[in-house]
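S.K.: prediction below, plus the sequence it came from.
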Amino acid sequence: MAFSKESRRLKIRKRIRGNMSGTEQRPRLSVYRSNKEIYGQIIDDVTGKTISAASSRDKDIASASGNKVEKANLVGKALAEKAKKAGVETVSFDRGGYLYHGRVKSLAEGAREAGLKF
């Protein structure tokens, strides 16, 4: 029997997280995507702390005009700016089991444009 979309994504996510962990020098940029919104967090897995976070529900991004892909790009830029203020320059990108396409790719490109290195 074939996996459902969600169980397939969770299986891929588990496989990715088995190989990746965020450290203090190189934290993990985690992406969660719902049907309407997109969220990004920069996480230090050693201490279990979220260093910075941004989402399409933030007031300045939610009020911006554009489609979901354009808003994902703004989320990436906002996340990178918050990370730079916290002293983070390089991260490892955790796509959360989603394909590197569309909104996930747009978030990553926005973060890169704002100066975050993966």
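M.R.: Sure thing, it's come through.

S.K.: what are the ranges of the strands in the protein?
M.R.: 28-33, 38-44, 49-55, 92-94 (DSSP state E).

S.K.: rebuild the ones you listed as CSV, extending it with distance to residue 14.
M.R.: Every residue, glycine included, has its C-beta placed from N, CA and C. Putting the strands of the chain into CSV (distance: least, Cβ to Cβ, whole Å) gives the following:
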stretch, distance to residue 14
strand 28-33, 14
strand 38-44, 16
strand 49-55, 20
strand 92-94, 12
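
S.K.: now distance to residue 75 and mean neighbour count too, for those strands, in a markdown table please.
M.R.: Listed next are those as a markdown table, based on distance: least, Cβ to Cβ, whole Å; neighbours: other Cβ atoms under 10 Å:
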| stretch | distance to residue 75 | mean neighbour count |
| --- | --- | --- |
| strand 28-33 | 9 | 22 |
| strand 38-44 | 6 | 22 |
| strand 49-55 | 5 | 18 |
| strand 92-94 | 14 | 19 |
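
S.K.: residue 106: which of these is closest?
M.R.: Nearest of the strands of the chain to residue 106, taken as Cβ to Cβ: strand 38-44 at 8.6 Å.

S.K.: circling back to that earlier point, tell me which of the strands of the chain lies nearest to residue 118.
M.R.: When the strands of the chain are compared by Cβ to Cβ, strand 92-94 sits nearest residue 118, at 4.7 Å.
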